[in-house]
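Peer 1: okay, predicted coordinates and the sequence, questions at the end:
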Amino acid sequence: MLDSLDRLVIDWSDLPKARAQTKEILTALSEDKAALTQLLERAREEEDLFDKCEHHRLLDKLVIYDALDRGFRIRVHVSTEDHRDRPHDHRFTFTSLIMRGQYKHVRHELTGRLSEEDIPQSAQDDFDAVPTDLRVVPRFVTHEQAGNCYTLHHSEIHT
């Protein structure tokens, strides 16, 4: 399994192919408990992986494999039942495999307009912010549960 990861290259410009690749590798990894355990232990022991991990009050993000030069990084998210989300996008397109638990997944659409002249050039914080007519509108809702897999483009807004 780990040899497969070491040879894997993902081209996200071909989204259907990338989705198939990532779904296959994540499914195989979720079924290979020894490989998953080895990756989790490496994340704890290897400083470069450990430094990429994040701990928040309601969510931990563990980086267990990092190959951005080949188009991917594998992270394990561990949420509490208290974790609530807000509409957001991501820096990267990604595939997510739900290994345990469940949640409501909402994909949103951004409506309204915002022109460059509406943005204050000297804004330093929220006190300098200006109101807009932009709205985040829920469009698609799914119930994600263990075994589900989805790919989300970095431009999409979701909760």
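Peer 2: Perfect, thanks for sending it. Numbering: from 1, shown residues only.

Peer 1: quick one: residues contacting residue 120.
Peer 2: By C-beta atoms under 8 Å, 6 or more residues apart in numbering, the contact list for residue 120 reads 128-130. Bear in mind the C-beta positions are built from the backbone N, C-alpha and C, glycine included.

Peer 1: and residue 95, how many neighbours?
Peer 2: 21 (other C-beta atoms under 10 Å).

Peer 1: where in the protein is pLDDT low?
Peer 2: Where the chain drops to pLDDT under 70, the residues are 123.

Peer 1: for this structure, what's the longest helix?
Peer 2: helix 15-31 (DSSP state H).

Peer 1: circling back: which one of the contacts of residue 120 is nearest residue 136?
Peer 2: residue 129 (16.0 Å; C-beta to C-beta).

Peer 1: gap between that closest one and residue 108?
Peer 2: The spacing between residue 129 and residue 108, counted by C-beta to C-beta, to the nearest Å, is 20 Å.

Peer 1: so which of these two has more stuff around it?
Peer 2: residue 108 (18 against 11).

Peer 1: surely that one meets residue 135?
Peer 2: No: with contacts counted by C-beta atoms under 8 Å, residue 108 stays clear of residue 135, the gap being 9.3 Å.

Peer 1: so for the residue nearest in space to the middle of the chain, what's the nearest residue that isn't a sequence neighbour?
Peer 2: Centroid check for the chain by C-alpha atoms, centre = their mean gives residue 94 as the closest residue, at 5.7 Å. Spatially, and ignoring its direct neighbours in sequence, residue 94 is nearest to residue 152 (6.0 Å; C-beta to C-beta, 6 or more residues apart in numbering).

Peer 1: contacts only, for residue 64.
Peer 2: Contacts of residue 64 by C-beta under 8 Å, 6+ apart are 36, 39-40, 42-43, 49, 74-76.

Peer 1: can you say which of these are buried?
Peer 2: By neighbour count, with 16 or more other C-beta atoms under 10 Å, those hold 36, 39, 43, 49, 74-76 as buried.

Peer 1: ok, which pair from these is furthest apart?
Peer 2: 36 and 49 (14.2 Å).

Peer 1: quick one on the thing from earlier: which of the buried ones among the contacts of residue 64 fall in strands?
Peer 2: 74-76 (DSSP state E).

Peer 1: return the member of these nearest to residue 65.
Peer 2: Closest to residue 65, out of all of those and judged by C-beta to C-beta, is residue 74, at 4.0 Å.
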